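Trainee: How does the following fold in three dimensions:
(chains A, B, C and D)
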There are 2 protein chains.
Amino acid sequence: MGKREINRDEKRQLIVTTARHLMQVRDVSDFSMRTLAEVAGVSSATPYALFGSKQAVIAAVMDIDFADFMAALTAEPNQGFDVFFSLVDITAELFEKNPSYYRTGAQAIQATSDQTLSSHFSLPRHGLLKDLVSEAIERGEICDQINPDSLALNLGHQFYGWIQAWAKDTVNLPDMVARSKYGLGLGLAAVATPASRAQLLEQVLAIQATLPEAGALKSRLTPNRKQEAVS
Amino acid sequence: MGKREINRDEKRQLIVTTARHLMQVRDVSDFSMRTLAEVAGVSSATPYALFGSKQAVIAAVMDIDFADFMAALTAEPNQGFDVFFSLVDITAELFEKNPSYYRTGAQAIQATSDQTLSSHFSLPRHGLLKDLVSEAIERGEICDQINPDSLALNLGHQFYGWIQAWAKDTVNLPDMVARSKYGLGLGLAAVATPASRAQLLEQVLAIQATLPEAGALKSRLTPNRKQEAVS
DNA sequence: AACAAAACTAAAACGTGTTTTAGTTAGATC
DNA sequence: GATCTAACTAAAACACGTTTTAGTTTTGTT
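Mentor: Down below sits the predicted model:
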């Protein structure tokens, strides 16, 4: 690697580090490319030259965390279906530590229309889920007629959706956790082998008891505000 | 209603009609507030005075369709769990007739951070699903320990997610249908009474057989394009 | 008819993400 | 060491959603 590439990578690093810092400290709306360039002491054209878009910068920033995430997950002892619930818990713990950071990230990922970018995120996470499902099948907890790929995609899809809802402030963090677990629990209970199904369903019902009414998804929803009949 | 309100409503109608037309005819990216105002022969400040935001305009436009949707749905004979699948089919048929229109709409809904707006959409749809679940419980197809509200929210959440994925062009329409049915089928199978569960699971497995690999979610995903190692 | 209030217009302005242009710097190559 | 070239800069520009300002109709009220 010549000095050219080294400088290039250093500048990349500088931008990513600065972006990460800004995402953590400032409000979501304050993170503009102009301020990023300014704080990083770099022309506002440079991030575009090096990354291509704002979302790509954020993607690069959030890539750093996936390693931590995997570490945290594999550190937990995985028994039965609880692995899936742990996945949700660990994610929520991360989110709690750095809400504005992850909010910015999640929103950026979903705002992008770039296939490469979003799959850059979804694919490794999908791979993880797929492995977990496969292992559950091997343990005889999930019926072996199930395609791990399809089930994992469905579970990931649900979870991802609730993450987005949290990022958009439609649900708070505890509800996001509960609703995700409820969804994952249902999906798994549908295909669980008879031996493990009963216990899982009980867990799901326990979660259900904690769920708020959908109409009151966000309690600060003000019903009579500018309702302006439209049709 | 005085002439003031009448004029106001007429102008509203004019803007909504024009917006609807533009969303159908033009490309998604071509639908800007400036062109809307221009085509409607109206100042670009007017839509903001009357609706508040671009998303609110689009919301008003799409409100028209919900009635059609309900009509199409209730026209079908509803037997067993097929109601839920019909829901997906009918939606897909609408989408197929006017892709760019619904794409614009779906994207606008999800881009908004306005609680009032998004719940203006989600709530009636949620109510519909909730009714369907309640009826299924009454028919003895779904275990009565299940809270219709929670289950309906979960089913709607999944479906909504796949609609968004279609709007973002992450899945094509047939896959969106299949993945939605797969998700709904799983969620329902988890809580189905023993009598109806077996048949439903068979349907789900049949759908599973049609699902593409997740890695190949979109066949035109070009793997080697600007992959630029990030970490 | 006179006045007040609301509705609307035209145009400019702001802050975005992003691209473009033209010029400069620094590494690689001969 | 001279030269080529990729990387970078600074600054302007574009299109967008949105807001603001100031002026003009249109409507309802006295």
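Trainee: Which strands or helices does the helix or strand that contains residue A:196 pack on?
Mentor: Assigned by DSSP states H and E, residue A:196 belongs to helix A:194-210. Here helix A:194-210 touches helix A:173-191, going by 3 or more C-beta pairs under 8 Å, 6 or more residues apart in numbering or on different chains; DSSP states H and E. C-beta here means a position set from N, CA and C on the backbone, and glycine is covered the same way.
Trainee: And the helices in chain A, which stretches?
Mentor: A:3-25, A:33-40, A:46-50, A:54-75, A:82-97, A:99-111, A:115-138, A:148-167, A:173-191, A:194-210 (DSSP state H).
Trainee: Tell me who's in contact with the nearest residue to residue A:55 once chain neighbours are set aside.
Mentor: Nearest-residue entry for residue A:55: residue A:112, 4.1 Å, with adjacent residues in sequence omitted and distances by C-beta to C-beta, 6 or more residues apart in numbering or on different chains. Contacts for residue A:112 (C-beta atoms under 8 Å, 6 or more residues apart in numbering or on different chains) come out as A:53, A:55, A:59, A:118.
Trainee: domain ranges for chain A?
Mentor: Split into domains by automatic domain parsing, chain A comes to A:1-52, A:61-211.
Trainee: which one of those lies closest to residue B:129?
Mentor: domain A:61-211 (14.2 Å; C-beta to C-beta).
Trainee: Run the chain-centre distance for that closest one.
Mentor: With C-alpha atoms, centre = their mean, to the nearest Å as the basis, domain A:61-211 stands 8 Å off its chain's centre.
Trainee: And the residue of chain A closest to DNA strand C?
Mentor: residue A:2 (2.4 Å; C-beta to the nearest atom of the strand).
Trainee: wait, isn't residue A:193 in contact with residue A:143?
Mentor: Yes. Using C-beta atoms under 8 Å, residue A:193 is in contact with residue A:143, at 5.6 Å.
Trainee: What ranges in chain A fall below the confidence cut-off?
Mentor: A:1, A:26-29, A:77-78, A:113-117, A:120, A:215-231 (pLDDT under 70).
Trainee: Let's see that with 50 instead.
Mentor: Residues of chain A that meet the criterion pLDDT under 50 lie in A:216-231.
Trainee: what does it put close to DNA strand C?
Mentor: Residues of chain A lying close to DNA strand C by C-beta under 7 Å from any atom of the strand are A:2-4, A:7, A:30-35, A:44-45, A:48, A:52-55.
Trainee: mind redoing it with 6 Å?
Mentor: Within chain A, the positions near DNA strand C by C-beta under 6 Å from any atom of the strand are A:2, A:3, A:4, A:7, A:32, A:33, A:34, A:44, A:45, A:48, A:53, A:54.
Trainee: Residue A:148: which of those residues is nearest?
Mentor: residue A:53 (33.0 Å).
Trainee: measure the closest one to residue B:201 for me?
Mentor: Using C-beta to C-beta, to the nearest Å, we find residue A:53 at a distance of 43 Å from residue B:201.
Trainee: what's the answer for residue A:167, then?
Mentor: 34 Å.
Trainee: same thing with residue A:142?
Mentor: For residue A:142 relative to residue B:201 (C-beta to C-beta), the value is 13 Å.
Trainee: neighbour-wise, which of the two wins?
Mentor: residue A:142 (23 against 20; other C-beta atoms under 10 Å in any protein chain shown).
Trainee: Contact partners for the spatially closest residue to the more buried one that is not a sequence neighbour?
Mentor: Of all residues not flanking residue A:142 in the chain, residue A:136 sits nearest, at 4.6 Å (C-beta to C-beta, 6+ apart). By C-beta under 8 Å, 6+ apart, the residues touching residue A:136 are A:80, A:81, A:83, A:142, A:188.
Trainee: Right, I'll leave it there.
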